[in-house]
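S.K.: for reference, the sequence and a predicted model appear below.
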Amino acid sequence: MWFFNGSVRPPFAKTPRAGEESVWDYPRPPMLAADDREIIVAYRDQVIARSTKAIRVLETAGPPTFYLPKADIDFKHLVPALEQSWCEWKGSARYYRLANSDVMSDVVSWTYPRPNDNFEALQDCFGFYPGRLQCSVNGESVRAQAGGFYAGWVTNEIAGPMKGEPGTECW
């Protein structure tokens, strides 16, 4: 199924313009990249996290997922959730919900308490769903990756098409 792994861009991929990155140039397995831009995660008017020490996970066909250090997160806004999942690359994840919501919210954040080899840098870092929170990169509002399941951060620097969009089930 995964013929494309970042070594060759498929013919249907958009050619990135100057200042853009193609999701088809990202590797599989994914790689980690430090990012010192200002990242802000908020819910309504409440800032949940603010960091200039993010880590981007870059994986073929998907927009980057940003992880922020635990030290840059205000945990009064988050509570542990029961959900768990497993990623073939990163390992076992634990999830968090909003603490200040009147109703039981969807999960909005996750972490890998003991990430697999090659992803140790994600320990004590948290990812956030941009479709459920307001997220920004250097002041640019992030758009959520299509599909609901994914948590990629779509910004103007990203060229696709990206998994999760209609017609991408067979990549």
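M.R.: Nice, I can see it. Numbering: from 1, shown residues only.
S.K.: which element is Arg94 on?
M.R.: Assignment of secondary structure by DSSP states H and E places Arg94 within strand 91-98.
S.K.: what lines up beside the helix or strand that comes right after that strand in the sheet?
M.R.: Proceeding N to C from strand 91-98, the next assigned helix or strand is strand 107-111, under DSSP H and E. Taking DSSP bridges as the criterion, strand 107-111 forms sheet pairs with strand 91-98 (antiparallel), strand 125-128 (antiparallel).
S.K.: against Phe149, how distant is the residue nearest to the spatial centre of the chain?
M.R.: Closest residue to the average C-alpha location of the chain: Thr65 at 2.0 Å, with Cα atoms, centre = their mean. Between Thr65 and Phe149 the computed distance is 12 Å (Cβ to Cβ, to the nearest Å). The C-beta positions use only the backbone N, C-alpha and C, and glycine is treated the same way.
S.K.: what do you get for Tyr43?
M.R.: Tyr43 sits 21 Å away from Phe149, taking Cβ to Cβ as the criterion.
S.K.: neighbours of the nearest residue to Ala144 once chain neighbours are set aside, just the number please.
M.R.: The spatial neighbour of Ala144 that comes closest, neighbours along the chain excluded (Cβ to Cβ, 6 or more residues apart in numbering), is Gly131 at 3.1 Å. For Gly131, the tally of surrounding residues (other Cβ atoms under 10 Å) stands at 19.
S.K.: tell me the spacing between Gly131 and Arg143.
M.R.: The span separating Gly131 from Arg143 equals 8 Å under the rule Cβ to Cβ.
S.K.: cool, Val154 as well?
M.R.: Separation of Val154 from Arg143 (Cβ to Cβ) stands at 4 Å.
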